[in-house]
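J.: just the structure for this:
(chains A and B)
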2 protein chains.
Amino acid sequence: MSDATTRITGVDTYDIRFPTSRELDGSDAMNPDPDYSAAYLVLRTDDPGGAEGHGFSFTIGRGNDVLVAAIQALRPHIVGRDLRALCADPGSLSRDLVGDSQLRWLGPEKGVMHMAIGAVVNAVWDLAAKRAGKPLWQFLADAEPEWLVGQVDFRYLEDVLTPDQALAMLRQAVPGRAGRTERLRAEGYPGYTTSPGWLGYSDEKLTRLARQAVADGFTQIKLKVGADLADDIRRCRTARAAVGPDVRMAVDANQRWGVEEAVHWTKALAEFDPYWVEEPTSPDDVLGHAAIRAGIAPVRVATGEHVQNRIVFKQLLQAGAIDVLQLDAARVAGVNENLAILLLAAKFGVPVCPHAGGVGLCELVQHLSMFDYVALSGTTEDRVIEYVDHLHQHFVQPVRLERGHYLAPSAPGFSAEMWPGSIARYTYPTGAFWAADALAQGAAAQQTARTRTPEATP
Amino acid sequence: MSDATTRITGVDTYDIRFPTSRELDGSDAMNPDPDYSAAYLVLRTDDPGGAEGHGFSFTIGRGNDVLVAAIQALRPHIVGRDLRALCADPGSLSRDLVGDSQLRWLGPEKGVMHMAIGAVVNAVWDLAAKRAGKPLWQFLADAEPEWLVGQVDFRYLEDVLTPDQALAMLRQAVPGRAGRTERLRAEGYPGYTTSPGWLGYSDEKLTRLARQAVADGFTQIKLKVGADLADDIRRCRTARAAVGPDVRMAVDANQRWGVEEAVHWTKALAEFDPYWVEEPTSPDDVLGHAAIRAGIAPVRVATGEHVQNRIVFKQLLQAGAIDVLQLDAARVAGVNENLAILLLAAKFGVPVCPHAGGVGLCELVQHLSMFDYVALSGTTEDRVIEYVDHLHQHFVQPVRLERGHYLAPSAPGFSAEMWPGSIARYTYPTGAFWAADALAQGAAAQQTARTRTPEATP
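T.: Numbering: from 1, shown residues only, chains lettered A, B, ... in the order given. Alright, predicted model coming up:
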């Protein structure tokens, strides 16, 4: 069989949910009981080598089935595609998906449909990098600037970023690529950790985990805030005392505040020298972020994990509304749109510190930051990738950290593949875990019913 | 059975699609082949009077099933609700749906999940108005200002609109309500028509339909633009010649342009005195709209049918980015969020000219404009509701127009209910129309296969 004829033959989808609301420490001011979940897909092919592409959207439980339905709605655009053409130009599929004139009505370019497109597009990049035998960061960093620019949709961006400007930035970075690749392989990419800072920890646990983070080599930690001001003041004081004055301490409000409340609350925490305040208000409020930033300087403003697309990032940068851009690998329309976002950040000189955690977000996003370092911004200064120690064991190629740094992945692909056993166990609601859970809950409910209303029992 | 115990007992959903891409004239520069569709729901109750609530999201075909799945994901919040409590405070459900901490991750407050919430919330308002025996516009216009303010979620709005300010505006309108209700019932609410202006009409047909619109009493028409500038110049010249200098002529680009292109293109049409340019660029680009408005004055900027929520409308108003606010009844989270948007527009003194057309959007949105006239802005000056003569026959209470004016509905409810026969016929893919269509297409494909490859036939 000639390689020229291999095609995408199927899109298998999985509704995978982990019961983290019972087991994990992931609650914040807006998300009290997340069940970290993945709307997961596998692109099947008839490649004789068995090539597959893996991708997913991250959600926090309910609604994961809606995302699976959205991925399935994209299937007619995918099945039958020529594998070689697709991997040579993932942007061709990205454009078809974003541009579907009927599906577009459900956004455009936002929410469920956009996240589904991101999952599919990322799976294509996983496949393309695997076929090239390279980890995604290297696949991107080795690419010609002209080809990378061709992967970007500049629609609605050209008032601030043209293809020529993007090309110039990428070309300028070419001479330093080899040296930075070497340095990346030797030293890794700096991370920071949110582990000490979840709401509801005792001061003793906060102190212990904050000290542990410093001992592990992290130079930045993050605390969740926004539920109660007096608590936040005490927790920030506790954390600052634990880590000392030189470790950066970010705070994260998870969209809890209005504009004026954000300014007031952040100022009340200013004495503890927070490095940035993250998601102070709605991710849709560009002008609100600009007003907050003006009101709380020199504390920095960071946002991005819920920013829906490149057009909102463009405005956050235009308006001088953010000091730190927190792109997410699985919120926007995949690698192609994240290339646009990295280019926008580079144009404005704003550091990118990606959002991670959840299910597999660390695994994905490291590739984007490493590409940015090697082949675009050329620096890791003031740049850190979030790290949370959750659920990595379910991935075939989990992230590896040393001395607070992400080590550069070496396996081909986008590190998106989960173990078959994990998929089988946590598929909702039929996987072994959830089936057993439903049985146990049914038994408990029956027990309760018997206890409460014995007169109703025949 | 006491009324106090009646509850919502079920949420029935329907994927309804009309084959408008084959039959209708609804194409524009971004939507060449829409199949106008509704993700439709019925709230069932155990009310002895048989009360039901009807609502829907409008889509243009593919992905309508994804919206149905999203509505189904909301079911646990709805079934079992006490009917009296729900109808006395629809905002209680609205807050629970928007605030679901897990579903919120799929937005927040945008795209598929938000549209699904809008469909459900609108169905509750249909039910509440029916139980009160009033058309929705009157149900709202008769309500106490304090109660109306309690229906609005002010989160992320308070930097520009506080509950006290909203209350003051509503109270100020109370004395004139009776007089305006009388005038509304006598004269109706002004409309405008898009019928002459679809892309692809011959100049002769454009001229004929434009003259017909004026003869029908419309004082404003709208033309689709954005595909080809030379064509647009010719069509605008033709339309202006047909209607004369005194009829307003809006143009609609359906998001086709970037910022600079929008300014250039609109200026090239300026000699034909366009009243507004609609959706010149991405609905997400607040700063882009502001730049376009500055560049094309005195031509007005209008947008809103794809604006995802009150937070983006807030910014469009803050930034001075729009002259005309085009709210949509089925894009945001239903009546509650549209109350917020009407209050924002009133605060800034920007006229609301709702988007309509599609499936049932005229039926819904008339209620919001009529409430605004009677009980909030107090005026119809420079305000018009879009009218398109599509698919009204499928609704039990279709809109009625006379002399270019929407007549005030008198039947109780939100005018959202479709005929059972229409639902049955156009349910996708099992309804009579689609089942027959699939058979016909199968037969045609078989015929083609026989003709093309006779040697493959056994």
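J.: average model confidence for stretch A:334-353?
T.: In this model, stretch A:334-353 has a mean pLDDT of 98.
J.: which one is whichever residue of chain A sits closest to chain B nearest to, not counting chain neighbours?
T.: Using CB to the nearest CB, the single residue of chain A nearest to chain B is A:Gly111, 1.8 Å away. Any C-beta I mention is one placed from the backbone N, CA and C, and that applies to glycine too. Nearest residue to A:Gly111 in three dimensions, chain neighbours excluded: B:Gly111, at 1.8 Å (CB to CB, 6 or more residues apart in numbering or on different chains).
J.: that neighbour: what's it in contact with?
T.: Residues near B:Gly111 by CB atoms under 8 Å, 6 or more residues apart in numbering or on different chains: A:Leu106, A:Gly107, A:Lys110, A:Gly111, A:Val112, A:Met113, A:His114, A:Gln308, B:Gln308.
J.: most neighbours among these, which one is it?
T.: Within the contacts of B:Gly111, most neighbours by other CB atoms under 10 Å in any protein chain shown means A:Val112, with 33 neighbours.
J.: does it count as helix, strand or coil?
T.: Three-state call for A:Val112 (DSSP: H, G, I helix; E, B strand; the rest coil): helix.
J.: test my guess that it contacts A:Val68.
T.: No. The pair A:Val112 / A:Val68 is not scored as a contact, 10.2 Å apart, by CB atoms under 8 Å.
J.: give me the pLDDT for the residue of chain A closest to chain B.
T.: Reading off the model, A:Gly111 has pLDDT 98.
J.: which regions of the stretch 351-458 of chain A lie under the pLDDT threshold?
T.: For the stretch 351-458 of chain A, the stretches with pLDDT under 70 are A:451-458.
J.: would you map the strands across it?
T.: Assigned by DSSP state E, counting those that start in this stretch, the stretch 351-458 of chain A shows strands spanning A:385-387, A:401-402, A:405-406.
J.: for the residue nearest the centre of chain A, give its distance to B:Glu278.
T.: The centroid of chain A falls nearest to A:Asp328 when counting by CA atoms, centre = their mean (3.4 Å). According to CB to CB, to the nearest Å, A:Asp328 stands 32 Å off from B:Glu278.
J.: spell out which residues of the stretch 1-150 of chain A are next to chain B.
T.: By the rule CB under 8 Å from any CB of the partner chain, the part of the stretch 1-150 of chain A lying against chain B is A:30-35, A:59-63, A:65-67, A:69-70, A:73, A:100-115.
J.: ok, of those, which come out buried?
T.: By neighbour count, with 16 or more other CB atoms under 10 Å in any protein chain shown, these hold A:30-31, A:34-35, A:59-63, A:65-67, A:69-70, A:73, A:100-115 as buried.
J.: ok, the residue nearest to the centre of chain A - contacts?
T.: By CB under 8 Å, 6+ apart, the neighbours of A:Asp328 are A:Gly304, A:Glu305, A:His306, A:Val307, A:Pro354, A:His355, A:Leu361, A:Val365.
J.: so A:Asp12 lies in a helix, does it not?
T.: No. Counting by three-state DSSP, A:Asp12 falls outside a helix, being strand.
J.: how many neighbours does it have?
T.: 12.
J.: swap in the one 4 residues further on?
T.: Neighbouring residues of A:Ile16 were enumerated by other CB under 10 Å; the total is 25.
J.: circling back: which of the strands of the stretch 351-458 of chain A sits most buried?
T.: strand A:385-387 (a mean of 26; mean count of other CB atoms under 10 Å in any protein chain shown).
J.: how near is A:Leu93 to A:Phe313?
T.: Counting by CB to CB, the gap from A:Leu93 to A:Phe313 is 22 Å.
J.: and the strands of the stretch 351-458 of chain A as TSV, adding distance to chain B?
T.: Output for the strands of the stretch 351-458 of chain A, formatted as TSV (distance: least, CB to the nearest CB, whole Å):
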stretch	distance to chain B
strand A:385-387	16
strand A:401-402	26
strand A:405-406	24
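J.: give me every residue in the stretch 251-400 of chain A lying close to chain B.
T.: Proximity of the stretch 251-400 of chain A to chain B, by CB under 8 Å from any CB, involves residues A:255, A:258-260, A:281-288, A:291, A:306, A:308-309, A:311-312, A:314-315, A:318-319.
J.: can I have the buried ones of the residues you listed as a ChimeraX selection?
T.: Restricted to buried positions by 16+ other CB under 10 Å, the ChimeraX selection for those reads:
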select /A:255,258,259,281,282,283,284,285,286,287,288,291,306,308,309,311,312,314,315,318,319
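J.: of the residues of the stretch 251-400 of chain A next to chain B, which belong to helices?
T.: Using DSSP state H, A:Val259, A:Glu260, A:Val286, A:Leu287, A:Gly288, A:Ala291, A:Ile311, A:Val312, A:Lys314, A:Gln315, A:Gln318 are the members of those that sit in helices.
J.: how about the contacts made by the last one?
T.: To tie it back to what came earlier, the one meant is A:Gln318. A:Gln318 sits next to A:Val160, B:Leu287 when contact means CB under 8 Å, 6+ apart.
J.: who has more neighbours, A:Leu93 and A:Phe313?
T.: A:Phe313 (28 against 23).
J.: and the residue nearest to that one when sequence neighbours are not counted, how many neighbours does it have?
T.: In space, and not counting its chain neighbours, A:Phe313 is closest to A:Ile341: 5.1 Å by CB to CB, 6+ apart. Neighbour count of A:Ile341, defined by other CB under 10 Å: 26.
J.: then A:Gln447?
T.: Per other CB under 10 Å, the neighbour tally for A:Gln447 reads 10.
J.: next one: A:Leu364
T.: A:Leu364, neighbours per other CB under 10 Å, totals 29.
J.: now A:Thr207
T.: A:Thr207: 17 neighbours (other CB under 10 Å).
J.: quick check, it in contact with A:Arg240.
T.: No. If you go by CB under 8 Å, A:Thr207 and A:Arg240 don't touch, sitting 10.6 Å apart.
J.: OK, contacts around A:Ser195?
T.: Neighbour list for A:Ser195: A:Leu209, A:Gln212, A:Ala213, A:Ile221, A:Tyr387, A:Val388, A:Asp389 [criterion: CB under 8 Å, 6+ apart].
J.: how about the last one: what's its closest non-neighbour residue?
T.: Spelled out, that is A:Asp389. A:Ser195 (6.0 Å).
J.: wasn't the one you found part of a helix?
T.: No. Per three-state DSSP, A:Ser195 lies outside any helix segment and is strand.
J.: distance of it relative to B:Leu287?
T.: Separation of A:Ser195 from B:Leu287 (CB to CB): 37 Å.
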